[in-house]
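J.: Just a sequence and a predicted model for now, questions to come.
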Amino acid sequence: SQQGEEDPQALSIQEGENATMNCSYKTSINNLQWYRQNSGRGLVHLILIRSNEREKHSGRLRVTLDTSKKSSSLLITASRAADTASYFCATDRLTGTASKLTFGTGTRLQVTL
Amino acid sequence: GAGVSQSPRYKVAKRGQDVALRCDPISGHVSLFWYQQALGQGPEFLTYFQNEAQLDKSGLPSDRFFAERPEGSVSTLKIQRTQQEDSAVYLCASSLWGGASTDTQYFGPGTRLTVL
């Protein structure tokens, strides 16, 4: 079963605008990661934020984490057409054997020229 | 190779047929994961290998699903007597270790299975 949900399910913006996606999850976590998935391609890891961190930046990406609300947000600044993709948050819980990821339902981002 | 590869990329099977999906992880990666992604959904964990040992198969939906990694490198996911609900994209991922929660998982392009 899915760990959480992304909001909105779909987002359409123009190139140059900022895109914000939210993720909510249900259980305690070690870390939260964001992935991007282009049509017909695999998942690409974007950024990881640890449970004791509140904000993290990587290039045009900014991720926040609020463990008290069990939520995270991904901000993409100055969006480009190439950012068109589905974005997933994924949480992991160390089970004793492996860090298996539990993904949300995804946000489909469309960036138009 | 440079990344995780999977074959075939597309597979169409008639209901009741057996299928085998192959994953070639990044060379030297200890951990290998299989995920199932239904249309419009996020991936869901199926099973995990550390080298040749299958340490977690809690996500396999039924005993028709079987995975192996006999030499600790290439892995095969086999689905017996396929059903329509098995239609999905099957993703393979590998990571250098896997035991650390900060270890990045690198995903392959997936195999899209369609069961008619």
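T.: Nice, thanks for sending it over.
J.: Below-threshold pLDDT in chain B: ranges please.
T.: B:1, B:98-102 (pLDDT under 70).
J.: The residue in it that chain A sits nearest to - nearest residue in space that isn't next to it in sequence?
T.: Residue of chain B nearest chain A, by CB to the nearest CB: residue B:42 (3.2 Å). Where C-beta positions appear, they are placed from N, C-alpha and C, glycine not excepted. If the residues on either side of it in the chain are set aside, residue B:42 comes closest to residue A:103, at 3.2 Å by CB to CB, 6 or more residues apart in numbering or on different chains.
J.: hang on, isn't residue A:29 packed against residue A:92?
T.: Yes: Residue A:29 lies in contact with residue A:92 (CB atoms under 8 Å); the separation is 6.7 Å.
J.: Now do the shared contacts for these two.
T.: With CB atoms under 8 Å, 6 or more residues apart in numbering or on different chains applied, the contact sets of residue A:29 and residue A:92 do not overlap.
J.: that older thread, now the residue nearest to residue B:42: how far from residue A:91?
T.: 8 Å (CB to CB, to the nearest Å).
J.: Ok, residue A:58 next?
T.: 18 Å.
J.: Dump the helix or strand containing residue A:49 to CSV, keeping only the CA atoms.
T.: For residue A:49, the enclosing helix or strand under DSSP states H and E is strand A:43-50. The C-alpha coordinates for strand A:43-50 follow below in CSV (Å, rounded to 0.1, in the frame of the first residue of the first chain):
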residue,chain,number,x,y,z
LEU,A,43,12.9,6.9,-11.6
VAL,A,44,15.7,9.4,-11.0
HIS,A,45,16.7,10.3,-7.5
LEU,A,46,16.6,14.1,-6.9
ILE,A,47,17.2,14.8,-3.3
LEU,A,48,17.2,13.2,0.2
ILE,A,49,16.3,14.9,3.4
ARG,A,50,17.0,13.3,6.7
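J.: can you pull the buried residues of that strand?
T.: A:43, A:46-49 (16 or more other CB atoms under 10 Å in any protein chain shown).
J.: before we move on, the earlier item: and residue A:58 and residue A:91? which has more neighbours close in?
T.: Ranked by neighbour count (other CB atoms under 10 Å in any protein chain shown), residue A:58 and residue A:91 place residue A:91 first, with 25 against 12.
J.: The spatially closest residue to that one that is not a sequence neighbour: how many residues sit nearby?
T.: The shortest distance from residue A:91 to any non-neighbouring residue, by CB to CB, 6+ apart, is to residue A:29 (4.3 Å). For residue A:29, the neighbour count with other CB under 10 Å is 24.
J.: which residues sit in contact with the residue nearest in space to the middle of chain B?
T.: Centroid-nearest residue in chain B: residue B:34, 3.1 Å away (criterion: CA atoms, centre = their mean). For residue B:34, the contact set (CB under 8 Å, 6+ apart) comprises B:23, B:45-48, B:67, B:75, B:77, B:90-93.
J.: and what of residue A:13?
T.: Residue A:13 touches A:19, A:79, A:109-112, counting by CB under 8 Å, 6+ apart.
J.: ditto for residue B:45
T.: A:100-102, B:33-35, B:58-59.
J.: Generate a PyMOL selection restricted to the buried subset of the residues you listed.
T.: Applying 16+ other CB under 10 Å to the contacts of residue B:45, the buried members can be selected in PyMOL as follows:
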select buried, (chain A and resi 100+101+102) or (chain B and resi 33+34+35+59)
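J.: Please list the residues of chain B that sit near chain A.
T.: B:4, B:31, B:33, B:35, B:40-45, B:48, B:50, B:55-56, B:59, B:91, B:93, B:98-110 (CB under 8 Å from any CB of the partner chain).
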